[in-house]
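>>> 3D, please:
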Amino acid sequence: MKKERSSVEPVRQFDRLNRALVESEIDFGRTVHFTAEIDLTEIERVRDAAASVALRPTYTAFVAKAVAIALREFPYANRRLFRPLGLPFLSYFQSFHGTDVAVAIERNIEGQAAVAYIEVLRDVHGQTLEQLTERLRHFSTTDVTNSAQWRDFARLATSFPAPLASFIVRLPCHFPSMWQKYRGGSVLISSPAKYGVDGVVAAWTHPLGITFGLAQKKPMVKGDDVVATMKFRNMFGTLATGESADGCWTFKRLGFLSTRVTIRACDSADDLAVFKNNTWSGGGTLEIPDGRKYPANSNFWHTRYEIKTDGDSPLVTFHRAGILHLSSNVDIHDAARSLRELPWLVMLGWYLTVMQHQDSAAAAGS
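This is a model prediction of the structure:
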């Protein structure tokens, strides 16, 4: 018997509702995307300090808390633009005075693929990380008996004719009170981390969509072996600590227009070297106290960063890889193998690559 190479099946109930939301609430042509990597060192410290696994704050709780802090600091971002009944000549802003944050929740429904709906964390700024985590874990186990959001969404999908259900699910777009009840506020958080990815670039139903991916350590590796790690003290600072079997060093960028990077042994106040940045060339010069100088530069696309000798012989080359997840392949050339500074020289190159990436992201968002 010949096996068919494909099959056709009707669009199912929940799929129709999700499609109605996409078609009516997402404007792909007016979307701006920003991506950035965040150092989770301090977040992991807080998680590890929890008294038990059950009390350990989730990453979503931290993201929601950060969002609430930002919305209170920048209230003009906490609003949405809407047109009542879609009338093109009427436009209004709905400003949100609280910090309600929507969270995308997935449901496993037999015979249905990728069923998603929205739950809302209310007044996030007034809740602790532990309280937010408890609420988020409750969301993962809700059903029609204990979640009004899921009960109303499931009833629309299963009890109403498809055209009427699609019409009703769109109504929050046009009525502020319904938006606040069913959509929350200006922000939607989603995470594809369980699929093992670093992030997703997409458009969402809310004015502000925040997506975060898999949280993982980002060490320097050779083959399958970790040879070095670099950690930034916090997500906004420039001080980083690099460690390997050869030692421990700190790297810190100073200055504003004319910047420089100091390299020091950990627990030392003396500079081992100073890297002076050349803003216009995308590189700079590493200066060693004994008088040696090593120029560094990148290509036009900032996908390649190289440190050389004064005679233009390459020492270390970094080849950028990845879009959402920053990584590099490192080439250590023969001219560098005899340098006693090689261990921290490699780390300096990676530090400069990371800082260059952050500067580019900041410039794109300004």
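
>>> what about the helices in the protein?
13-25, 41-48, 59-73, 129-139, 148-159, 162-170, 176-182, 342-365 (DSSP state H).

>>> Make TSV out of those and add mean pLDDT.
Output for those, formatted as TSV (pLDDT from 0 to 100):
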stretch	mean pLDDT
helix 13-25	74
helix 41-48	85
helix 59-73	94
helix 129-139	92
helix 148-159	89
helix 162-170	88
helix 176-182	93
helix 342-365	77
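
>>> Compare these and give me the one nearest K222.
helix 342-365 (10.7 Å; Cβ to Cβ). C-beta here means a position set from N, CA and C on the backbone, and glycine is covered the same way.

>>> pLDDT weak spots in the stretch 151-300 of the chain?
193-199, 214, 216-221, 234-237, 257, 279-282 (pLDDT under 70).

>>> want to throw the helices of the chain into CSV with distance to T303 and mean neighbour count?
Output for these, formatted as CSV (distance: least, Cβ to Cβ, whole Å; neighbours: other Cβ atoms under 10 Å):
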stretch, distance to T303, mean neighbour count
helix 13-25, 34, 17
helix 41-48, 27, 14
helix 59-73, 29, 19
helix 129-139, 38, 17
helix 148-159, 44, 17
helix 162-170, 43, 16
helix 176-182, 42, 15
helix 342-365, 10, 18
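
>>> can you redo those as TSV with distance to M230?
What follows is the helices of the chain, written out as TSV (distance: least, Cβ to Cβ, whole Å):
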stretch	distance to M230
helix 13-25	40
helix 41-48	11
helix 59-73	21
helix 129-139	27
helix 148-159	42
helix 162-170	47
helix 176-182	43
helix 342-365	6
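
>>> Select, out of those, the one closest to L254.
Comparing these by Cβ to Cβ, helix 342-365 comes nearest, at 11.9 Å.

>>> picking that back up, looking at the helices of the chain, which is nearest to A228?
So among the helices of the chain, helix 342-365 is nearest, using Cβ to Cβ, at 6.3 Å.

>>> ok, back up a step: ok, which of the helices of the chain comes nearest I210?
helix 59-73 (6.2 Å).

>>> Show me what the closest one is packed against.
strand 101-107, helix 129-139, strand 187-190, strand 208-211 (3 or more Cβ pairs under 8 Å, 6 or more residues apart in numbering; DSSP states H and E).

>>> next one: the second one to chain centre, how far?
Averaging C-alpha positions (Cα atoms, centre = their mean, to the nearest Å) puts helix 129-139 21 Å from its chain's average.

>>> relative orientation of it and helix 148-159 in degrees?
With axes from the mean of the first three to the mean of the last three Cα atoms, to 10 degrees applied, the angle from helix 129-139 to helix 148-159 works out at 20 degrees.

>>> Just the CA coordinates for helix 129-139, please, in CSV.
Provided in CSV are the C-alpha atoms of helix 129-139 (Å, rounded to 0.1, in the frame of the first residue of the first chain):
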residue,chain,number,x,y,z
LEU,A,129,10.5,37.5,43.9
GLU,A,130,9.2,34.6,46.0
GLN,A,131,5.6,35.8,45.6
LEU,A,132,6.0,36.2,41.8
THR,A,133,7.6,32.7,41.6
GLU,A,134,4.7,31.2,43.5
ARG,A,135,2.3,32.8,41.1
LEU,A,136,4.1,31.8,38.0
ARG,A,137,4.3,28.2,39.2
HIS,A,138,0.5,28.3,39.8
PHE,A,139,0.1,29.4,36.2
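
>>> Identify the residues contacting that helix?
46, 55-58, 60-62, 64-65, 103, 105, 119, 121, 124, 127, 147 (Cβ atoms under 8 Å, 6 or more residues apart in numbering).

>>> Just give me the residue right at the centre of the protein.
With distances taken as Cα atoms, centre = their mean, F212 lies nearest the centre of the chain, 4.3 Å away.

>>> Name the nearest residue to that one, sequence neighbours excluded.
Spatial nearest neighbour of F212, chain neighbours left out: S191 (5.4 Å); criterion: Cβ to Cβ, 6 or more residues apart in numbering.

>>> Next, count neighbours for L40.
Using other Cβ atoms under 10 Å, L40 is surrounded by 19 other residues.

>>> Burial check on the residue nearest to it when sequence neighbours are not counted, number of neighbours?
Leaving out its chain neighbours, the residue that sits closest to L40 by Cβ to Cβ, 6+ apart is A215, at 5.7 Å. When neighbours are counted by other Cβ under 10 Å, A215 registers 15.

>>> on that earlier part again, my guess is the residue nearest to the centre of the chain contacts Y59, does it?
Yes: counting by Cβ atoms under 8 Å, Y59 is a contact partner of F212 at 6.6 Å.

>>> State the distance from Y351 to S147.
As judged by Cβ to Cβ, to the nearest Å, Y351 and S147 stand 47 Å apart.
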